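Enquirer: this one's sequence-less:
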Ligand code: SF4
């Protein structure tokens, strides 16, 4: 399935947008708002470790929400469920199967909440990162549309320099940008990479 690059102008349909971190949400929020969608953020990140990092990213999401005027919902920080889900995949690299399950879990909770709260669509900021597999996001979300009966607003936010715009906006808003994806395994991988570059 090819990622779309065009999202039709909306008519103030309600969108629940899963947020992985504030910098990644900066451009998607403005993009969808500019296309006349009413966006509510859903910060959901049981994959973010340790707790102080989770709290830091949550605070930044609240800061962004205040700056841009975005309603924000915080999801449950169910870290035990996340570790159970990814058991046995500790040594996988970023971009491998553990990430597929991690996307799936976060999207599932988002779609379920969107359905429960009567949103017209769900979507996610995951697709803005050049390190993230948008095809997986779309494939999973299409399944979830069927499962929960709520539409997925398919946007590959990294297209048309979306990621670059998010960097500019994050600096403008003074948002903290982390240097690893989120889970403890991605931190180990990122730290090892930085160490190898410096040695
Ligand atoms: S690297 Fe990122 S996407 Fe992959 S499992 Fe860890 S937190 Fe999830």
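Expert: Alright, I've got the coordinates. The shown structure was predicted, so the numbers you read here are calculated from the model rather than taken from an experiment.
Enquirer: neighbours of residue 80, how many?
Expert: Using other CB atoms under 10 Å, residue 80 has 9 other residues around it. For glycine as for every other residue, the C-beta is placed from the backbone atoms N, C-alpha and C.
Enquirer: so what does it have for phi and psi?
Expert: Dihedral pair for residue 80: phi -70, psi -40, per degrees, to the nearest 10.
Enquirer: next one, pLDDT for it please.
Expert: pLDDT, residue 80: 97.
Enquirer: show me what from this protein comes close to the ligand.
Expert: 47, 94, 98-99, 102, 181-183, 185-186 (CB under 6 Å from any ligand atom).
Enquirer: nearest to residue 68 among those residues?
Expert: Using CB to CB, residue 182 comes nearest to residue 68 of these, at 22.3 Å.
Enquirer: isn't there a helix covering the closest one?
Expert: No: per DSSP: H, G, I helix; E, B strand; the rest coil, residue 182 lies outside any helix segment and is coil.
Enquirer: any idea how far it lies from residue 7?
Expert: From residue 182 across to residue 7, the span is 26 Å (CB to CB, to the nearest Å).
Enquirer: okay, those two: which has more neighbours?
Expert: residue 182 (21 against 17).
Enquirer: how near is the more buried one to residue 38?
Expert: 27 Å.
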